[in-house]
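Chemist: Here is my input, please return the structure:
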Amino acid sequence: MTDLLKALLLGIIEGITEFLPISSTGHLLIAERWLGHRSDLFNIGIQAGAILAVVFIYRQRLWDLLAGFGKPANRDYALKLGLAFAITAVLGIAVKKLGFELPDQITPIAWALILGGLWMVVAEHFAAKRAQALGERSAISWTVAVLVGIAQVVAGVFPGTSRSAATIFVALLAGTTNRAAATEFAFLVGIPTMFAATAYELMDVVKSGEAANEDWAAFSVAFVASAITAFIAVKWLLNYIQSHRFTAFAPPADMAALGTALLQRRPWKCVQVREVRYTENVIKTGIGDTFGNFYDHIQGYVHQAGIRNVLRVKRHTIGNPPADGSSQVYVLDMVMESASEKKQDSR
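Modeler: Numbering: from 1, shown residues only. Just a heads-up that it's a prediction; the model follows:
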């Protein structure tokens, strides 16, 4: 499979899963294990493609809110969007300042996917009961705005949790019983939230110099694929929820959880490596007389036979490791170089 085709598939997966109530993190994790790990810039790019698709879909609604800000109804709605975003921004910065980082292990993501699927079924059940008790309500209250802002942070803290599912169901349970209205508010507040998060991550990427090593052809293919598939997926979802519940999305979440769990159990093959110390750790993987056997696992990296890569990795030491495990944990930071080997590894 060519690298452009792999990039195309990753862009399609991102576009489909980003705004549907299923976790894009969990599905991309599975995909990258088979299609290869990508740079932070690549992942930021395909996310931006999905955001632009939603902006295009809601372009008229956004323009109406902006041009008609003087009207009480539009001003009230826009201020509630602003409040939800502000809460997400403040709490998100606080989480960053506390040094919280998403776990690299697959297991917590699998659990988040399972719990997300269960949450979807339970929340849909209670949302239907609340709709029966309150009737059809499309209005967004200040309480809904606050809770949606908090839900976005919770979804960001727990990998494998769908941002769209968390925000939509919080709105439904908090009193906006109309699915279309709850979904619209969740998607609209997601636009500035995801743009801000993308810009924040992009600054780190630019400072690190990673952009200079990016494969821009693959990046462009994935970006366009993500935008197109996100547009199709969101348009389909908006039509689907007019007459269907969200519970149909619970099985895909559980299947993704099963996939991540199976990947956790997948045995790691031996590769040939050597380590060179410069200003930071670099591990070279490939074939050569001076290379030694390496049976450990580099999180986020899938080795391909016949390919020599130069990897920049982060090494962590864990306390009280399992009896059959290592105290050293390797995490891929960047694929710095990649080239074909003349000699093939037969193991």
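Chemist: where along this protein do the strands fall?
Modeler: Along the chain, the segments classed as strands by DSSP state E run 271-277, 281-285, 292-294, 298-299, 307-317, 328-340.
Chemist: What are the boundaries of the helices in the stretch 101-250 of the chain?
Modeler: For the stretch 101-250 of the chain, the helices defined by DSSP state H, counting those that start in this stretch cover 106-134, 142-157, 163-173, 179-208, 216-240, 250-265.
Chemist: Now distance to residue 339 too, for those, in CSV please.
Modeler: C-beta: built from backbone N, CA, C; applies to glycine. Below are those laid out as CSV (distance: least, CB to CB, whole Å):
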stretch, distance to residue 339
helix 106-134, 29
helix 142-157, 37
helix 163-173, 38
helix 179-208, 22
helix 216-240, 16
helix 250-265, 27
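Chemist: Which one, of those, ends up nearest to residue 76?
Modeler: Residue 76 lies closest, by CB to CB, to one member of the helices of the stretch 101-250 of the chain: helix 142-157, at 9.3 Å.
Chemist: who does that closest one touch, helix- and strand-wise?
Modeler: In terms of contacts (3 or more CB pairs under 8 Å, 6 or more residues apart in numbering; DSSP states H and E), helix 142-157 is packed against helix 72-97, helix 163-173, helix 179-208.
Chemist: For the strands of the chain, which has the smallest mean pLDDT value?
Modeler: Looking at the strands of the chain, the lowest mean pLDDT belongs to strand 281-285 (a mean of 51).
Chemist: thinking again about what came up before, out of the helices of the stretch 101-250 of the chain, nearest to residue 21?
Modeler: Taking CB to CB, helix 163-173 is the member of those nearest to residue 21, at 3.5 Å.
Chemist: Show residues contacting that closest one.
Modeler: 18-22, 116, 119-120, 123-124, 126-127, 130-131, 140, 144, 147-148, 150-152, 154-156, 179, 181-183, 185-187, 189-190, 246, 249 (CB atoms under 8 Å, 6 or more residues apart in numbering).
Chemist: Pull out the buried members of those.
Modeler: 18-22, 116, 119-120, 123-124, 127, 130-131, 140, 144, 147-148, 150-152, 155-156, 179, 181-183, 185-187, 189-190, 246, 249 (16 or more other CB atoms under 10 Å).
Chemist: on that earlier part again, nearest to residue 56, out of the helices of the stretch 101-250 of the chain?
Modeler: Closest approach to residue 56 among the helices of the stretch 101-250 of the chain (CB to CB): helix 216-240, 6.6 Å.
Chemist: Okay then, goodbye and thanks.
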